[in-house]
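sequence first, predicted model second:
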Amino acid sequence: MRRTKIICTVGPATSAPDRLQALVEAGMNMARLNFSHGAYEFHAQTARHLRQISTEKQKPIAIMQDLCGPKIRLGTLPPEGLKVEAGDEVTFVLQEKGDSIDELPLPLPTLFAMVRPGESILINDGRVKLIVSDRDADKIRALVKIGGLISTHKGVNLPETPLPVSSITEKDLMDLRFGIQLGVDWVAVSFVRSPQDLEPAQRMIEAAGASIRLIAKIERPEAVEQIDSILKVADGIMIARGDLGVEVPIHEVPLIQKDIIRRCNQAGKPVITATQMLESMISAPDPTRAEATDVANSILDGTDAVMLSGETAVGQFPTAAVEVMHNIAVRTEKSLQEGSRHAWCHEAGSLSVTESVAEAVCRIAYETGAKAILCNTSSGGTAQLVSKYRPTTPIIALTPDKTAYHQLALSWGVIPLLIPPVHHAEEMFMNVVNTVLDMGLVNEGDKVVITSGVPIGKSGTTSLIKVHSIGQPITA
């Protein structure tokens, strides 16, 4: 059983129903819909196919909507682009289209007031680097430090300049409204800098009465500095190493990644490691050794999920990329030992009742040799807390809530199952035990550890632990 979850970005290479089914069969747990690309109908059709496959396979597949965010892009350049060399002087102009061969159109008025001499401007993921020499109301003059070809609508990063734009744009809010209607399970907010950047999305979701969970994408140095505050309000974190590696010195990225994973593990929030994990497989049938090691090290660090981007969106070997990631994860997880991720002991009074129960469940399962941990959960919170302690015992989350069922597909080590609602403890025990027995997840004579909230079905009340031998009479 693989415990680390795999996320696949759906694109032209994988949007057909048979391609999506192949991804699911290879091991995909979550599909990412990238709203930087694709029309609404493309994403709607993809979501419909995914829900149908999920129903047919009786397997949860989480759907994540990834919002575009305030990505700064150049305007329109001539078809041949602009070739610049180190030492050249270039002028950014406040226009949609450049009028001369040495001008770069940058249609963002507020930026011209914010940038300062000496600050860096990076274009096309840092491939071209310029240093600001001076600016006025509608022009920024800059000296090229690293040359290259600049073409229409390439991305612009200003790592030293406070961005004069909101992390949630009008387009994002329109896209989010569509995502809510679509019934996505998770929404990833791009270029988060502070906890306040998540508030517009939270308000819209709450106003719609939806149960969508929010992922904060860490791509800016401000977000790295405020990660603990962001963790308090976000439901999960994505370490988006592409833009992060442009915004901060690239040699800092590995340690930032490890630190964020550690903090997410401590907080019990799922963390996704993303970008360039198996990028060579966009055009090659096998990854590089460095890529395989990168995936394995992320898992050893404690990531909940690893994500494929171009590999599955536009790559030539999308299914193979998932299979490779699955095999690396399974092999790497064999080296993880019980209790190596979290110590069993804490200071007195440092844990809530719910978290103390979750930790105790893992310890009891380990010490009794239980074959499974059965979490009866309404919102998914119980299973997520148990997942925090990384037990080697499989975590089976049984929920009557279809949203929680799909959302838990992201949680490390959790196998979500959909069950009918129950209202009494004895009925709950019979329901969860019979479900896992009928599905062949446990056998007669196996020990299981059951945990649930009391009263049954009320979120945030986890307080019950029961050790049960399959086949013995069930009592409350």
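Structure received. Numbering: from 1, shown residues only.

all contacts plus neighbour counts: C-alpha atoms, from now on.
Noted.

what packs against the host helix or strand of Leu149?
If you go by DSSP states H and E, Leu149 is part of strand 148-150. In terms of contacts (3 or more C-alpha pairs under 8 Å, 6 or more residues apart in numbering; DSSP states H and E), strand 148-150 is packed against strand 82-84, strand 128-135.

among these, show me which one is buried the most.
strand 128-135 (a mean of 20; mean count of other C-alpha atoms under 10 Å).

format the helices and strands packed on strand 148-150 as TSV; extra columns: mean pLDDT and distance to His153.
Shown next, in TSV, are the helices and strands packed on strand 148-150 (pLDDT from 0 to 100; distance: least, C-alpha to C-alpha, whole Å):
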stretch	mean pLDDT	distance to His153
strand 82-84	93	12
strand 128-135	96	14
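
and His251, which of those strands is closest to it?
Smallest distance to His251 across these (C-alpha to C-alpha): 17.1 Å, for strand 128-135.

mind listing the strands the closest one pairs with, and their directions?
If you go by DSSP bridges, strand 128-135 pairs up with strand 120-123 (antiparallel), strand 139-146 (antiparallel).

buried stuff in stretch 121-129?
By 16 or more other C-alpha atoms under 10 Å, the buried positions in stretch 121-129 come out as Ile121, Leu122, Ile123, Asn124, Asp125, Gly126, Val128, Lys129.

just give me the least confident of those.
Lowest pLDDT within these is found at Asp125 (85).

quick one: it and Ile101, what's the gap?
Distance, Asp125 to Ile101, using C-alpha to C-alpha, to the nearest Å: 22 Å.

rounded mean pLDDT for stretch 444-463, please.
Here the average pLDDT along stretch 444-463 is 78.

distance check, Asp102 against Val93.
10 Å.

am I right that Ser229 is in a helix?
Yes: under DSSP: H, G, I helix; E, B strand; the rest coil, Ser229 sits within a helix.

residues contacting the residue nearest to it when sequence neighbours are not counted?
Nearest residue to Ser229, sequence neighbours excluded (C-alpha to C-alpha, 6 or more residues apart in numbering): Pro195, at 6.2 Å. Counting by C-alpha atoms under 8 Å, 6 or more residues apart in numbering, Pro195 makes contact with Ser229, Ile230, Val233, Ala234.

need the residues you listed in JSON lines (columns: pLDDT and distance to Pro70).
JSON lines is the format used below for those (pLDDT from 0 to 100; distance: C-alpha to C-alpha, whole Å):
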{"residue": "Ser229", "pLDDT": "98", "distance to Pro70": "21"}
{"residue": "Ile230", "pLDDT": "98", "distance to Pro70": "18"}
{"residue": "Val233", "pLDDT": "98", "distance to Pro70": "21"}
{"residue": "Ala234", "pLDDT": "98", "distance to Pro70": "19"}
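
neighbour-wise, which of those leads?
Ile230 (24 neighbours; other C-alpha atoms under 10 Å).

walk me through which strands the strand holding Leu149 pairs with, and which way each runs.
strand 82-84 (antiparallel).

which residues of the stretch 101-250 of the chain fall in helices?
Under the criterion DSSP state H, counting those that start in this stretch, helices of the stretch 101-250 of the chain are mapped to 109-114, 170-182, 199-207, 221-225, 227-233, 241-247.

comparing the ones you listed, which gets the lowest mean pLDDT score?
helix 109-114 (a mean of 88).

contacts for the longest helix that the chain contains?
As assigned by DSSP state H, the longest helix anywhere in the chain is helix 40-57. By C-alpha under 8 Å, 6+ apart, the residues outside helix 40-57 that reach it are Val10, Ser15, Ala16, Pro17, Leu20, Gln21, Leu33, Pro60, Ile61, Ile63, Phe178, Leu182.

state the pair within the residues you listed that is farthest apart.
Spatial extent of those (C-alpha to C-alpha) is set by the pair Gln21 and Phe178 at 24.2 Å.

neighbour-wise, which of the two wins?
Higher neighbour count among Gln21 and Phe178: Gln21, with 21 against 16, using other C-alpha under 10 Å.

picking that back up, buried set for the longest helix of the chain?
Counting neighbours by 16+ other C-alpha under 10 Å, one finds that the buried residues in helix 40-57 are His43, Ala44, Thr46, Ala47, His49, Leu50, Arg51, Ile53, Ser54.

isn't Thr377 right up against Ala383?
Yes: Thr377 is within contact range of Ala383, at 7.0 Å (criterion: C-alpha atoms under 8 Å).

buried by neighbour count: which residues of stretch 21-32 qualify?
Under the neighbour-count criterion of 16+ other C-alpha under 10 Å, stretch 21-32 has Gln21, Ala22, Leu23, Val24, Ala26, Gly27, Met28, Asn29, Met30, Ala31, Arg32 buried.

between the two ends of stretch 10-22, how far is it?
End-to-end span of stretch 10-22 (C-alpha to C-alpha): 12 Å.

do the same with stretch 4-12
26 Å.

can I get stretch 413-431 as PDB, trimmed to CA atoms?
Only the C-alpha atoms of stretch 413-431 are listed here, as PDB (Å, rounded to 0.1, in the frame of the first residue of the first chain):
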ATOM      1  CA  GLY A 413      -1.900   7.000   4.500                       C
ATOM      2  CA  VAL A 414      -5.700   7.500   4.500                       C
ATOM      3  CA  ILE A 415      -8.000   5.100   2.600                       C
ATOM      4  CA  PRO A 416     -11.400   6.900   2.400                       C
ATOM      5  CA  LEU A 417     -14.600   4.800   2.200                       C
ATOM      6  CA  LEU A 418     -18.200   6.100   1.800                       C
ATOM      7  CA  ILE A 419     -20.700   4.600   4.200                       C
ATOM      8  CA  PRO A 420     -24.400   5.300   5.100                       C
ATOM      9  CA  PRO A 421     -24.900   7.700   8.000                       C
ATOM     10  CA  VAL A 422     -25.400   6.300  11.500                       C
ATOM     11  CA  HIS A 423     -26.600   7.900  14.800                       C
ATOM     12  CA  HIS A 424     -25.700   5.500  17.600                       C
ATOM     13  CA  ALA A 425     -22.400   4.000  18.800                       C
ATOM     14  CA  GLU A 426     -23.300   0.300  18.400                       C
ATOM     15  CA  GLU A 427     -24.700   0.900  14.900                       C
ATOM     16  CA  MET A 428     -21.500   2.800  14.000                       C
ATOM     17  CA  PHE A 429     -19.300  -0.100  15.200                       C
ATOM     18  CA  MET A 430     -21.200  -2.700  13.200                       C
ATOM     19  CA  ASN A 431     -21.200  -0.400  10.200                       C
END
